[in-house]
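Asks: Mind looking at a prediction? Sequence and model below.
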Amino acid sequence: MSSVDVRATYTRFPAWTQHFWTWQTGKALPGQEPLIRHTWASYLTVTLTLFLSGLAVSTVAVAVMFPLWYVVLLLGWVLTVTGERMMVLVIAHQALHRKFSGNAATDRFWGEAVTVLSVFHTFRDFKEEHFDNHHRREIFATEVDPPVQFLLDLGFRPGLTRAEQWRRAWKVFLSPVFYARGFLGRVTSNLRAGTWRRVGFAAWVGWWLSMPFWMPNGLLVLVLAFVLPVILFAQLSALLDRLGEHEWLAPRNPEFGHRFYTAANTNARYCGAPVPARSLPAGAKAVAWARWIAATLCYHIPSRLLVVVGDLPNHDYHHRYPSTAEWTTAAYARQRDIDTGPEGPPYREVWGMGAAIDQVFRAWEGTGTGALSHR
């Protein structure tokens, strides 16, 4: 964790840019108020627009293959993966907490709809994993928590060195078996569902499977516009998210009590790095700015768009207040809680998606397999 107030270093940029930096980093400034307050309907509209426009852009690029079509395809992939992860991690997530629209039937409908479009597990299975298990005090972050079981099943283990955990991560990132098992799990979940869910899933997947029979370059459209972003890239995004989501298997702090039992295992995950200081010598300043710009464009913004999407940077606030209606403005709500003096223990933060994962690997490095015990 950084001892520098990273977000404060961004205030050297003009005031009118600060809402952009709040979105990019995920962290609001003290006293800052939201520029936009989405309703559930406007948030849904924006998210579906991102996802569907991404699919459309990719499809047209591959079908027509105009000059530089592959550059446009990259844009389509970013839109598709961003929209898909927001559909699952924000819309379906808030729906299973019954906080998306405030209406149980509406939440269930959109929870089912976005998980069909994402070719994700059914809303019922997602709710069982997350709401009925992950959020339970006796299960959260232990070896029986479903995300921990998912990571253990992939070969991540307490007791392995940090270098071994990272080598394991790269093997999984590149493993066809990992993607095949993930896809099989999604399909199986849908095939076990009720009639209307199976019909919706079959219609959506069938539409894309029909592409090779009538769309120009149809087989490539199926693979490049649908399978890669919706199945493979989203699967990789989900793994990167889970690896750094919490300090899995870390001991809890009994002083935090029952209400804030997640605080010792949960940091905010922000996407950014300290802005180079004005006081640096000219040469060092040029090098520092080149590194900062490269990291922002090639690492932090892609992390924010493709992995730590929506309100995920402030996931610690969600676990402190899972029933909050301020999920569309979580960054500002978390900062307001800090500004007024947090009701619970002090908040913690880590800067950089990779740093969040590395923190888990470092913790596991010094832990034997004996850590796999109920608490």
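Replies: Looks like it arrived, so ask away.

Asks: Please count neighbours and contacts with C-alpha atoms only from this point.
Replies: Will do.

Asks: Just give me how far stretch 325-343 sits from the chain centre.
Replies: 19 Å (Cα atoms, centre = their mean, to the nearest Å).

Asks: mind starting the numbering at 3 from now?
Replies: Understood, numbering begins at 3; the last thing we discussed is stretch 327-345.

Asks: Give the buried residues for it.
Replies: Neighbour-count burial for stretch 327-345, counted by 16 or more other Cα atoms under 10 Å, picks out 328-338, 340.

Asks: which one of those is nearest residue 279?
Replies: Closest approach to residue 279 among those (Cα to Cα): residue 337, at 24.2 Å.

Asks: pLDDT averaged over the strand or helix carrying the closest one, what's the number?
Replies: For residue 337, the enclosing helix or strand under DSSP states H and E is helix 332-341. Across helix 332-341, pLDDT averages out at 96.

Asks: And the contacts of it?
Replies: For helix 332-341, the surrounding residues in contact (Cα atoms under 8 Å, 6 or more residues apart in numbering) are 24, 28-36, 313, 315-316, 319-320, 328, 345, 349.

Asks: Given the helix or strand following it, what are its sheet partners and their directions?
Replies: Next helix or strand after helix 332-341 toward the C-terminus (DSSP H and E): strand 351-353. Here the strand partners of strand 351-353, with direction, are listed using DSSP bridges: strand 270-272 (parallel).

Asks: returning to that earlier point: between the buried residues of stretch 327-345, which is nearest residue 48?
Replies: Closest to residue 48, out of all of these and judged by Cα to Cα, is residue 330, at 12.1 Å.

Asks: for the closest residue to residue 218 other than its chain neighbours, what are its contacts?
Replies: Leaving aside its chain neighbours, residue 218 sits nearest to residue 65 (5.2 Å; criterion: Cα to Cα, 6 or more residues apart in numbering). By Cα under 8 Å, 6+ apart, the contact list for residue 65 reads 217-220, 222-223.

Asks: I'd like the distance from stretch 349-368 to the chain centre, please.
Replies: Remark: stretch 349-368 is offset 15 Å from the chain centroid, using Cα atoms, centre = their mean.

Asks: Stretch 309-317 too?
Replies: Relative to its parent chain, stretch 309-317 has a centroid offset of 5 Å by Cα atoms, centre = their mean.

Asks: same deal with stretch 183-190?
Replies: A distance of 19 Å separates the centroid of the chain from that of stretch 183-190, by Cα atoms, centre = their mean.
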